[in-house]
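**Q** sequence and predicted model, in that order:
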Amino acid sequence: MDEKEKARLAARARHQSVDAVGKGDFSSFAAMDIFDHRFLREFLFVAREGSVRKASDRLNIAPSAISQRISEHEERLGIRLFSQHSQGMHLTDAGHILLGHANFLREEQAFVLDRLGQFREETRRIVRLAVGEGFAPDLMKNGLPPLTSKYPEINYNMTVAGSDAIVKMVSLGQVDIGMAYNPILLSGTYSLAIGRQPLCAIVPRNSPLREIKHLKLSDVLTSSLAILNSNHAIYHLVARAASDRGLPLVPVIEADSISMMINFVTAGLGVTFLPRFSVLVPNARDELSALDTVEPALQTASAHLIVRDRARIPKTVGIVSRILQEHMTAFCS
């Protein structure tokens, strides 16, 4: 079963449940009594962590108790929700359908709680963000100031990760909003905003590369290169562009830190690749230059503001998403 078919079946199950409520046909929910809140919560954590033991550590519940509840529910349903692999617990096709239902229930609850919160005085609301490290300067300089001044009641829980991990966290409902560079979207996610943000060669201010009018990847790779590792979309973009040109990609440094990339360049050790909006770090702007190249693969890259594909977005999440896409440089191209 492919991703589109899984999404279609999950959507149909959600719509049937909503239709049944609208028609007052509560008898159709008798079979759903087995999906109690405790089981669905544990199921979600096992699906997210890919391991019963990791889920038990997060929930502070004995692994044996979680395993027993999963086995009991699989027996009642007559299907397998997980398959065991050397890498951990993987959802079956049936498990993916239940995951869509569990996420739908959780998101509906979050939506209702968010709406009810407007009737409480001095309520604090939390929006969970997963962002690529390169978005941090733009977020702090341009995104958060209008939010904190206009909506002081909103708090933020932030996680920094690579593009693939961010999309996965959004798809599993672990965060409300993701900001990722040139991501590959998963089923159940979509981009609220997309800003064209070419991948630039980041070079020292006095680099002779600044004098080249039509800069090619081959020109840049004559210098020592530092690059984000394969957890990041940037690595794959540069690797694909180099492969298209038949060029070897032999970086001096591969790391998981944009700060390290910037420090490598400002120290005069060589060059790196980053989108222009990620080089807003104070002081660094005066010591380096962001140069566009003529490489199509690097020119067409983009920044994405990602959310789960669901029927209703909580008001608070909608507010934060709108302000971010209106004010952040990454999404204003």
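**A** All right, it came through fine.

**Q** where does pLDDT dip in the stretch 151-300 of the chain?
**A** Confidence mapping of the stretch 151-300 of the chain against pLDDT under 70 gives the ranges 281-285.

**Q** helices of that one, start to end?
**A** Secondary structure of the stretch 151-300 of the chain (DSSP state H, counting those that start in this stretch): helices located at 163-171, 217-220, 233-244, 258-266, 296-299.

**Q** helices or strands up against the second one?
**A** The criterion is 3 or more C-beta pairs under 8 Å, 6 or more residues apart in numbering; DSSP states H and E, and the helices and strands that helix 217-220 contacts are helix 233-244. Every C-beta, even on glycine, is put in place using the N, C-alpha and C of the backbone.

**Q** and the helix it packs on with helix 258-266, angle?
**A** Interaxial angle, helix 233-244 versus helix 258-266 (axes from the mean of the first three to the mean of the last three C-alpha atoms, to 10 degrees): 50 degrees.

**Q** between helix 163-171 and helix 233-244, find me the angle.
**A** Using the same axes, to 10 degrees: helix 233-244 against helix 163-171 is 130 degrees.

**Q** and helix 233-244, how far out from the chain middle?
**A** Counting by C-alpha atoms, centre = their mean, to the nearest Å, helix 233-244 is centred 20 Å from the centre of its parent chain.

**Q** returning to what we had before: in TSV: the helices of the stretch 151-300 of the chain, plus mean neighbour count and distance to Gly178.
**A** Output for these, formatted as TSV (neighbours: other C-beta atoms under 10 Å; distance: least, C-beta to C-beta, whole Å):
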stretch	mean neighbour count	distance to Gly178
helix 163-171	22	4
helix 217-220	19	29
helix 233-244	19	13
helix 258-266	20	17
helix 296-299	17	22
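
**Q** same list, these, but as JSON lines with distance to Arg48 please.
**A** JSON lines is the format used below for the helices of the stretch 151-300 of the chain (distance: least, C-beta to C-beta, whole Å):
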{"stretch": "helix 163-171", "distance to Arg48": "8"}
{"stretch": "helix 217-220", "distance to Arg48": "38"}
{"stretch": "helix 233-244", "distance to Arg48": "22"}
{"stretch": "helix 258-266", "distance to Arg48": "26"}
{"stretch": "helix 296-299", "distance to Arg48": "32"}
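
**Q** between those helices, which one is closest to Asn182.
**A** Nearest to Asn182 among the helices of the stretch 151-300 of the chain is helix 233-244; the distance by C-beta to C-beta comes to 4.2 Å.

**Q** now tell me what touches that closest one from outside.
**A** Contacts to helix 233-244, defined as C-beta atoms under 8 Å, 6 or more residues apart in numbering, come from residues 162-164, 180-183, 199, 217, 221, 227-230, 248-249, 254, 273-274, 295, 297-298, 301.

**Q** before we move on, back to that, nearest to Gln325, of the helices of the stretch 151-300 of the chain?
**A** Among the helices of the stretch 151-300 of the chain, helix 163-171 comes nearest to Gln325, with 15.4 Å by C-beta to C-beta.
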